[in-house]
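Asks: prediction below, plus the sequence it came from.
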Amino acid sequence: MRYLTFALAKGRLAKTTLKLLEQIGITCEEMKDKDTRKLIFTNEELKLKFFLAKASDVPTYVEYGAADIGVVGEDTILEEGRNLYEVMDLGFGKCRMCVCGPESAKELLNSHAMIRVASKYPEIARDYFHNIKQQTVEIIKLNGSVELAPIVGLSEVIVDIVETGTTLKENGLTVLEEVCPLSARMVVNQVSMKMEQERIQALIEKLSEV
């Protein structure tokens, strides 16, 4: 039997995923060692391998078959636009992708004005404005605190993940439009889905029960 390999997005997502897997009897003790320098962790008994990756790289590992299964946020899946199967909403890591800005920007959105939009997620922003709203905008990609963009006049609005909205409020910004709900998803490589259908299907069923 070949190994099934999981790519998990580093951080909170990976920790929650491992707890979830433990509930269905899948454990990986090696990963609990905080001092380990290992990159790949194995459960010999169940023929499973795990590795941690930067969230934005998880869909790439899965698309190219370096991992059979990936667990990552829906924001990353939408932004990366890779060829893979999204098989399951795991129901944790819930938040929303929103268009945010000062209250005064609402009129610009309603009137379909030509505006600048700053985001860490240029593809999601482009898809929303061009395909859903059919509004012509200039998208500016930022890597750091996007809340800064409307405050310093770089853009009229931002497209970003909103969990509680506290950071927005503190900076005089508000949610103006919701783009889509987000949560952690399980994705599967297209070839793996055919070759390992039984094992993957059994895994999905067990996780659904939890």
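Replies: In hand now; what should we look at? Numbers count the residues shown, from 1 in each chain.

Asks: what helix or strand is residue 175 located in?
Replies: Using DSSP states H and E, residue 175 sits within strand 174-182.

Asks: what's in contact with that strand?
Replies: With C-beta atoms under 8 Å, 6 or more residues apart in numbering as the test, strand 174-182 has contacts from 73-75, 78, 93-103, 105-106, 109, 124, 128, 157, 159, 161-162, 165, 168. C-beta here means a position set from N, CA and C on the backbone, and glycine is covered the same way.

Asks: that strand pairs with which strands?
Replies: strand 95-101 (antiparallel) (DSSP bridges).

Asks: need the residues that contact the partner strand.
Replies: For strand 95-101, using C-beta under 8 Å, 6+ apart, the contacting residues are 75, 78, 109, 117, 121, 124, 128, 147, 150, 156-163, 168, 173-183.

Asks: out of those, which are buried?
Replies: 75, 78, 109, 117, 121, 124, 128, 147, 150, 156-162, 168, 173-174, 176-177, 179, 182 (16 or more other C-beta atoms under 10 Å).

Asks: domain map for the protein?
Replies: 4-93+183-209, 95-180 (automatic domain parsing).

Asks: redo these as a markdown table? Include mean pLDDT.
Replies: What follows is the domains of the chain, written out as a markdown table (pLDDT from 0 to 100):
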| stretch | mean pLDDT |
| --- | --- |
| domain 4-93+183-209 | 94 |
| domain 95-180 | 96 |
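
Asks: now do the contacts for residue 189.
Replies: Counted by C-beta under 8 Å, 6+ apart, residue 189 has contacts 62-65, 67-69, 84-85.

Asks: also residue 5?
Replies: Contacts of residue 5 (C-beta under 8 Å, 6+ apart): 48-51, 66-69.

Asks: in the residues you listed, find the pair that's most separated.
Replies: Distance extremes for the contacts of residue 5: the farthest pair is 48 and 66 at 14.9 Å, using C-beta to C-beta.
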